[in-house]
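In: Have a look at this prediction, sequence included:
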Amino acid sequence: MQFTKTRLKRLRPENLNELGPSESAPPATRGYVTDAAKRAVPSEASIKLLWSKDGESVAVYVGQELLGFIAHNNPRGFSTNLREEGPFGSPLDRELFSMFFMSA
């Protein structure tokens, strides 16, 4: 466990390839995440998915709070936990969210 913590502290966008192939995305580095990203793990029952009408995009809520979404034909997702666009995704785009989900 200590090895993992040490390695993640030095993780930067320019050296993401050092992680190698994985089934999960690497964690976003400190420069990209907001302070709100540090939160307790939500209960499974509090996580809700909202699919777009065409079924090609999905948003995730924790309780009543929109956490983020993946929009069809966009290379990366959008999250309330990101402060700037980068290799991890983009900050939440409410206008784009409305286009995909308000008619769902």
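Out: Yes, it's here. Computed from a predicted structure; not experimentally measured.
In: Determine how far the last residue of stretch 71-80 lies from the first.
Out: Using CA to CA, to the nearest Å, one end of stretch 71-80 lies 14 Å from the other.
In: Flag every buried residue along it.
Out: 71, 77, 78, 79, 80 (16 or more other CB atoms under 10 Å). Any C-beta I mention is one placed from the backbone N, CA and C, and that applies to glycine too.
In: now these as CSV including distance to residue 52, pLDDT and secondary structure?
Out: Output for the buried residues of stretch 71-80, formatted as CSV (distance: CB to CB, whole Å; pLDDT from 0 to 100; DSSP: H, G, I helix; E, B strand; the rest coil):
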residue, distance to residue 52, pLDDT, secondary structure
71, 8, 95, coil
77, 13, 94, coil
78, 13, 96, strand
79, 17, 94, strand
80, 18, 94, coil
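In: Leaving out sequence neighbours, find the closest residue to the most centrally placed residue in the chain.
Out: When CA atoms, centre = their mean is applied to the chain, the residue found nearest the centroid is residue 79 (4.8 Å). Nearest non-adjacent residue to residue 79, counting by CB to CB, 6 or more residues apart in numbering: residue 68, 3.6 Å away.
In: Contacts only, for that neighbour.
Out: Going by CB atoms under 8 Å, 6 or more residues apart in numbering, residue 68 touches 59, 60, 77, 78, 79, 80, 81, 89, 92.
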